Each structure stands twice: as structure tokens, then as C-alpha cells.
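Engineer: Everything below, folded, please.
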Amino acid sequence: MVSQQGVNGAIRHCYELTTALGNSGESILLVHKPGAWISSQAFPPRVQLLESSFQRRPRELKRVAGELRRCGVSLVHTHLSSANLFGVLLARLFRFRSVATCHMPHLQPHWWWNDRIICPSKATAGFQNRVNLVPRSRIDVIPYPLNCRSFQPRHTAATVRTELQIPADRFLICVVGDVSARKAPHILLEALPKLIAAGVRPHAVFAGRLVSDYEKRFRATLSDLQLQPFVSVLGLREDVPDLVNAADCVCLPSTREVTPMALLEAMSLGTPVVSTKVGGVAECIRDGVDGWVVDANEPDQLADRLMTLGLDFALRRRMGENAARYIQERFSTDVVLPQILNCYDKTCGQRQAARAA
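Structural biologist: Just a heads-up that it's a prediction; the model follows:
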């Protein structure tokens, strides 16, 4: 069950997981909101779709429970807040087993009522245990699965740079995700003058939704630092793998994260990453091996790491190669899916024939 209509890292995770489960032979009923992005995607034949408002009313709970029973579902796996609470009520009222994945830690007592919780990082698991009082014995730390074969560029780096009118000698920094206060792209803007002064010749591209209540601050920083020739704000893009592949590095200056899919996807393509040390980021990046981690809200630290990459092509290539290997060894679907199925087995006591994702 997934209760967000748009698309972000958590939704892409749900899509990858549902597809992987369907391809592995599991029968899946994907419960989603009307008009959700995920409902328009292609799935294996063993995946069925069901719309729900996720309104916590007896009629809707009973209707969804009936559909789950009809499809032979015995385990409910929920993603995101509305689905999490809806799934707990379903499980308790209609005797389903429940697993919930934590994509963003919040103080929410209903987490305790799940049979098991999947956390993509040790940091998130610690939060659930400490704040929501979920026993450690009911928490599984399992990274997001990444289908490296599906996240692939369709065009060459040279083609992408030509389209964006970015010269080949520019140090291309890509930022994927909402342009929002939580993602803190203004920190990268504040770091760029130091790179320019060092002769790095950077160009930053932002691929994501420009959030209205943050836009004024972002535009003001861009104007005050006179960075317009060095920045492209692209909005939502369908060609993110092309942008990441064309970039010299991917940067995430966020103040709050769990396990950013954008970083894992960049690393899978062999693009080095520079990110703030928030949430589970430090569990994804081996500092100095695959990329760099820096403190949040520290533009000088960020500038120093970006400058190091910008001035050393061999280092960028080596870090990128390390990153691609690491993703394949730890985060690929083939490695992670058995861990999720094991969580299901522990929840149900034995393998069940159908799941609600």
C-alpha cells in the first residue's frame, strides 16, 4: 500500500520493490490513491492494482479488506503515513499481518502496532526504537533495493550537455529532488563562488519541483551571488538517468534525509557523490571512497569537497567506479529482495502466496 500520488524517492522505491516481487513469482495487490503516478507504470502480470482513498472510515476499510481477502492476501506492506495508519487499522480489525517501511521518521505511535518494521538505515531504526518505542526485535534494517538495469541513460553525456548548452569543460554538478528548504540547495549556491574563484568553472543543474514557499529564498540567493550563468533550474524531468550520467558529480546538500534514492541511483551509474551527513547517508557513502560526506549547512566544507573532485578527473573516475561496484554488491535488487522476503517470512511464520504492497 502506498498513499502518495506524486513521485519521489520513496515512491520509486515502492515501484522497484513491487516490480521485483512480481518478477520473483509473488502475487501482489498494489493499493494506491486515485490518479497516483505509480498506478500508470508498467508492472509484471502478477501485480494487480486497487484504488483507495485511504480514508479511515469503516466502509472504506471493509471494502479494501474484502478485496484483499478476495485476492488471497494475508500480509499488508505499507509505505508513507496515510497508508501506514490505514494498514495498521486493517491488520488489527481484519486480522492481516502488517509490515511497514519507514521512509521518513516522525513521532507516530501507530508504528508500534505493526508486526514488523523495515528501516532503510540504522539511524532510522534507532529513531523508531527510541521515539516510537518499537522493540529492536521487530525492526529489520534493509536498504532500498535498486534495479540497476532500469536506471540507465538513453543518451550520451555529450548529447545531454549540448541540449542543456553546457560546455564540455564545465564541472557539471547535478542535484536531483525537490528544490525545497529540506533539500537546502541554497547551500550549494553559497559554495559555488569558492569553486569559481579556484578556477573550477562549475555548472549546477537542479532537476526537481521548485517548491513555492522556498522559491523566493532560492531565487534571491541566486541573484545576490550573481550565479545565473552557472546554474540551470530544469524543473521535473523524465530523463534523470541522462542528467546523472552526464554529470561529473551528484550533490545533495540536504538538512534532513533517510536514504536518498537519488544518491544510490547516481552511484549505480558510476557518478561520484557529495552529500551532507544526515539520516542514513553515511551508511550509503563510504567517505573518500565512493564520494564525500560533509556537515549540513556548511557551504565551505561542501565547496572544498566539490573543488577536490572538480580539479581531479582521475579521482572522479576512481570514486565513480568504486560507487558502481558498491551499489551492485549491497543495494542491487538481487541482494536486497531476499532480505525483504525473509522479513515477510518472519512476519507470517512461513511464505505466503500473496502480498499487498
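Engineer: Okay, buried residues for stretch 182-192 please.
Structural biologist: In terms of neighbour count (16 or more other C-beta atoms under 10 Å), stretch 182-192 has its buried residues at 183, 184, 185, 186, 187, 188, 189, 190, 191, 192. In this view, the C-beta of every residue, glycine as well, is placed from N, C-alpha and C.
Engineer: now, which of those lie within helices?
Structural biologist: Under the assignment DSSP state H, the buried residues of stretch 182-192 contribute 185, 186, 187, 188, 189, 190, 191, 192 to helices.
Engineer: want to try CSV for those, with pLDDT as columns?
Structural biologist: Formatted as CSV, these follow (pLDDT from 0 to 100):
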residue, pLDDT
185, 96
186, 96
187, 97
188, 97
189, 97
190, 97
191, 97
192, 97
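Engineer: which stretches of the stretch 201-350 of the chain form strands?
Structural biologist: In chain order, the stretch 201-350 of the chain shows strands spanning 202-207, 231-233, 249-252, 273-276, 291-294, with DSSP state E, counting those that start in this stretch as the criterion.
Engineer: in the stretch 51-200 of the chain, which spans are strands?
Structural biologist: Taking DSSP E, counting those that start in this stretch as the test, the strands found in the stretch 51-200 of the chain are 75-79, 97-101, 116-119, 139-141, 171-176.
Engineer: As CSV, the ones you listed with mean neighbour count, mean pLDDT and distance to residue 198 would be great.
Structural biologist: What follows is these, written out as CSV (neighbours: other C-beta atoms under 10 Å; pLDDT from 0 to 100; distance: least, C-beta to C-beta, whole Å):
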stretch, mean neighbour count, mean pLDDT, distance to residue 198
strand 75-79, 27, 95, 43
strand 97-101, 25, 95, 42
strand 116-119, 24, 96, 40
strand 139-141, 19, 97, 40
strand 171-176, 24, 97, 10
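Engineer: now those strands in JSON lines, with distance to residue 310?
Structural biologist: Putting these into JSON lines (distance: least, C-beta to C-beta, whole Å) gives the following:
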{"stretch": "strand 75-79", "distance to residue 310": "37"}
{"stretch": "strand 97-101", "distance to residue 310": "36"}
{"stretch": "strand 116-119", "distance to residue 310": "35"}
{"stretch": "strand 139-141", "distance to residue 310": "34"}
{"stretch": "strand 171-176", "distance to residue 310": "4"}
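Engineer: what's the closest of the strands of the stretch 201-350 of the chain to residue 262?
Structural biologist: Go through those one by one with C-beta to C-beta and the one that ends up closest to residue 262 is strand 249-252, at 6.5 Å.
Engineer: check contacts around the closest residue to residue 36 other than its chain neighbours.
Structural biologist: In this structure, residue 36 finds its nearest non-sequential neighbour in residue 5, 4.6 Å apart by C-beta to C-beta, 6 or more residues apart in numbering. Contact partners of residue 5, counting by C-beta atoms under 8 Å, 6 or more residues apart in numbering, are 33, 35, 36, 37.
Engineer: Pull out the buried members of the residues you listed.
Structural biologist: The neighbour-count test (16+ other C-beta under 10 Å) applied to these identifies 33, 36, 37 as buried.
Engineer: Distance of the second one relative to residue 21?
Structural biologist: Going from residue 36 to residue 21 by C-beta to C-beta, to the nearest Å gives 18 Å.
Engineer: do residue 281 as well
Structural biologist: Counting by C-beta to C-beta - residue 281 and residue 21 are separated by 27 Å.
Engineer: you'd agree residue 344 is up against residue 98?
Structural biologist: No. Under the criterion of C-beta atoms under 8 Å, residue 344 is not in contact with residue 98, lying 11.0 Å apart.
Engineer: before we move on, which element is the closest residue to residue 45 other than its chain neighbours in?
Structural biologist: Spatially, and ignoring its direct neighbours in sequence, residue 45 is nearest to residue 22 (7.5 Å; C-beta to C-beta, 6+ apart). Assignment of secondary structure by DSSP states H and E places residue 22 within helix 9-23.
Engineer: how many degrees apart are that helix and strand 171-176 in direction?
Structural biologist: Angle, helix 9-23 to strand 171-176, by axes from the mean of the first three to the mean of the last three C-alpha atoms, to 10 degrees: 80 degrees.
Engineer: quick one: contacts of helix 9-23?
Structural biologist: Contact partners of helix 9-23, identified using C-beta under 8 Å, 6+ apart, comprise 2, 4, 28, 30, 37-38, 41, 43-47, 79-80, 101, 103-104, 144-147, 150, 177, 259-262, 333, 337, 340, 355, 357.
Engineer: How far does the helix or strand that that helix is followed by sit from its chain's centre?
Structural biologist: Using DSSP H and E, the helix or strand that directly follows helix 9-23 along the chain is strand 27-32. Between the centre of strand 27-32 and the centre of its chain there are 20 Å (C-alpha atoms, centre = their mean, to the nearest Å).
Engineer: same question, stretch 323-340
Structural biologist: Relative to the chain's own centre, stretch 323-340 is displaced by 15 Å; criterion: C-alpha atoms, centre = their mean.
Engineer: Dump that stretch to CSV, keeping only the CA atoms.
Structural biologist: Below are the C-alpha coordinates for stretch 323-340, written out as CSV (Å, rounded to 0.1, in the frame of the first residue of the first chain):
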residue,chain,number,x,y,z
ALA,A,323,30.5,3.5,-6.2
ALA,A,324,29.1,1.4,-9.0
ARG,A,325,30.7,-1.8,-7.5
TYR,A,326,29.4,-1.0,-4.0
ILE,A,327,25.8,-0.5,-5.2
GLN,A,328,25.9,-3.8,-7.1
GLU,A,329,27.3,-5.6,-4.0
ARG,A,330,25.0,-4.1,-1.4
PHE,A,331,21.9,-2.4,-2.8
SER,A,332,21.0,-4.3,-6.0
THR,A,333,17.6,-6.0,-6.2
ASP,A,334,19.2,-9.4,-6.3
VAL,A,335,20.9,-8.8,-2.9
VAL,A,336,18.1,-6.9,-1.1
LEU,A,337,14.9,-8.8,-2.2
PRO,A,338,15.8,-12.0,-0.3
GLN,A,339,16.2,-9.9,2.8
ILE,A,340,12.7,-8.4,2.4
